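A.B. asks: Have a look at this prediction, sequence included:
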Amino acid sequence: MYLLKNFYILNPGEQEFDFYPGSLLVKDGKIAKILKGENHREHQEKLLAEFPGAIEVIDGQARRLIFPGFIQTHIHLCQTLHRNLAEDMPLLQWLREEVWPYEAALDRQTMGQAVIMGLKEILSSGTTAVLDMGSIHQQEVIFDIMSKVGFRYTGGKAMMDNVIDPIPGLSETLAESIDKSIRLYEKFHRGNEGLLHYALAPRFLLSCSAELLRQVKIFSDENDIIIHTHGAEHRAEVDLIKRETGFGNIAYLDEINVLNSNTVIIHAVHLDDEEKSLLVECSASVVHCPSANLKLGSGIAPIDEYLQDGMTVGLGCDGAPCNNTLSIFSEMKLACLLQKGVNNDPMLMPAEEALRMVSLRGAEILKLGSMIGTIEAGKEADLVILDMDTPQTFNFRRNPAAAIVFGADARNVEATMVRGKFLYREGRFSETIEALDRCFNTSLRLLER
Ligand SMILES: [Zn+2]
């Protein structure tokens, strides 16, 4: 049990955010009780009397803030080792010449190294849950690591049965792709007491046959699981799909009846009006990855418009080769700044909107809204603790959301907790993470190219 006393708590809401000094008790992986107010000595007495037993008291010293652990709804942890090696290229060239050959070369060891490195980076920058896209192979390594660590992970192997001119080692048949995905689903979905979830991951239209997509949709409907796919990211990709099918990305998915409320479209930079309406009608979600879109020269998704239309929009860092950081702070800041800037309107996208994307909306996209995404008694204790008494977050009490989104970064993250367990605290990772790191990474320098 942990008693977090003398903290500030920022709880995201649909309209207003609740911000107050208070104390919070974590028991059996859950937020057991919250007491509001500054009288932390009284809180401590009350809570210790109500919850007897071994407890660690942590003093926030009226400078630390608790927010729901950040939820990233698009990331490729498997790509972390290719950071800083795929610069200044457009999407399709970047995939073909860099990302796919890299993924084809991943074995058990290098997959483990990539995932642990990525995990350390996201934990130390406040992320406690992800929607991850793996590669064609070695997905079970990712689930095994997540299971041992106790991280909240939703993800699945990339599905690619229809790559024109396939990369050696990175192709599969329709049957292989479906069978392998179903086997992984059966083995890991709702595993580790519900911390793991399987999501079907057809990579994008250019690498998937229509039949694969249809079968994915059927499996998703039958089992109520997420379909996680890239779409309408880059102009050249959209043009190619239009040439082959006569449709835009989303219009084609609708044409073959693949859109549903479980569909999560990553990027959605280039949509026509009909496609925007289709996404709203079928309650599909969109995930915004502003750094990746800018770096690959893909464009800027009209996120403010999507939000006005009522779309559910999440936020993610995408992969290390296209970002190149996996810290969600840069995405929160960019998501706000881009909409203000391109629309010449500083009223658009206040900081709260970005924080909603990584809390309430992220939880909704992962279908975990009843468990995570807010600070409420009874919810799972997935938390980030930020030290706000820093120069870059000065005056945070006046506007905590702005302080987090525009001023804070990974330096402000003191701790991240998943289901009541600290996975990162004051610069140190859990023993399991360090042990796995030693096991996979004999020497990272040997891997540098
Ligand atoms: Zn991606």
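C.D. replies: Right, received. Where do you want to start?
A.B. asks: what kind of secondary structure is the nearest residue to Tyr2 once chain neighbours are set aside in?
C.D. replies: The shortest distance from Tyr2 to any non-neighbouring residue, by C-beta to C-beta, 6 or more residues apart in numbering, is to Val26 (4.4 Å). Any C-beta I mention is one placed from the backbone N, CA and C, and that applies to glycine too. Under DSSP: H, G, I helix; E, B strand; the rest coil, the three-state class of Val26 is strand.
A.B. asks: Distance check, Val26 against Val130.
C.D. replies: If you measure Val26 against Val130 using C-beta to C-beta, to the nearest Å, the figure is 22 Å.
A.B. asks: check contacts around the residue nearest to Gly297 when sequence neighbours are not counted.
C.D. replies: Excluding its sequence neighbours, the residue lying closest to Gly297 (C-beta to C-beta, 6+ apart) is Pro90, at 5.7 Å. Residues in contact with Pro90 (C-beta atoms under 8 Å, 6 or more residues apart in numbering) are His234, Ala236, Leu296, Gly297, Ser298.
A.B. asks: who wins for neighbours among those residues?
C.D. replies: With neighbours taken as other C-beta atoms under 10 Å, the top of these is Leu296, carrying 25 neighbours.
A.B. asks: Need the phi and psi values for that residue.
C.D. replies: Dihedral pair for Leu296: phi -90, psi 10, per degrees, to the nearest 10.
A.B. asks: Next, the contact list for it, please.
C.D. replies: Leu296 neighbours (C-beta under 8 Å, 6+ apart): Met89, Pro90, Leu91, Trp94, Glu233, His234, Cys322.
A.B. asks: Now do the SS call for Gly373.
C.D. replies: Of the three states, Gly373 takes coil according to three-state DSSP.
A.B. asks: Give me the spatial nearest neighbour of it, chain neighbours excluded.
C.D. replies: Ala363 (2.9 Å).
A.B. asks: so the one you found sits in a strand?
C.D. replies: No. Counting by three-state DSSP, Ala363 is not found in a strand; it is helix.
A.B. asks: still on that earlier bit, show me which of Val26 and Val130 is the more surrounded one.
C.D. replies: Between Val26 and Val130, counting by other C-beta under 10 Å, Val130 is the more crowded of the two (29 against 25).
A.B. asks: buried stuff in the helix or strand harbouring that one?
C.D. replies: Assigned by DSSP states H and E, Val130 falls within strand 127-133. By neighbour count on 16 or more other C-beta atoms under 10 Å, the buried set for strand 127-133 is Thr127, Thr128, Ala129, Val130, Leu131, Asp132, Met133.
A.B. asks: Among those residues, which one lies nearest to Arg41?
C.D. replies: Thr128 (29.7 Å; C-beta to C-beta).
A.B. asks: Could you find the closest non-adjacent residue to that closest one?
C.D. replies: Gly69 (2.6 Å).
A.B. asks: All the strands of the stretch 301-449 of the chain, in order from the start?
C.D. replies: Here the stretch 301-449 of the chain has its strands, by DSSP state E, counting those that start in this stretch, at 312-315, 318-319, 383-387, 413-418, 421-425, 428-429.
A.B. asks: So what's the gap between the second one and the chain middle?
C.D. replies: Its chain's C-alpha centre and that of strand 318-319 lie 9 Å apart, by C-alpha atoms, centre = their mean, to the nearest Å.
A.B. asks: Show me what it packs onto, helices and strands only.
C.D. replies: Applying 3 or more C-beta pairs under 8 Å, 6 or more residues apart in numbering; DSSP states H and E, we find strand 318-319 packed against strand 70-76, helix 290-295.
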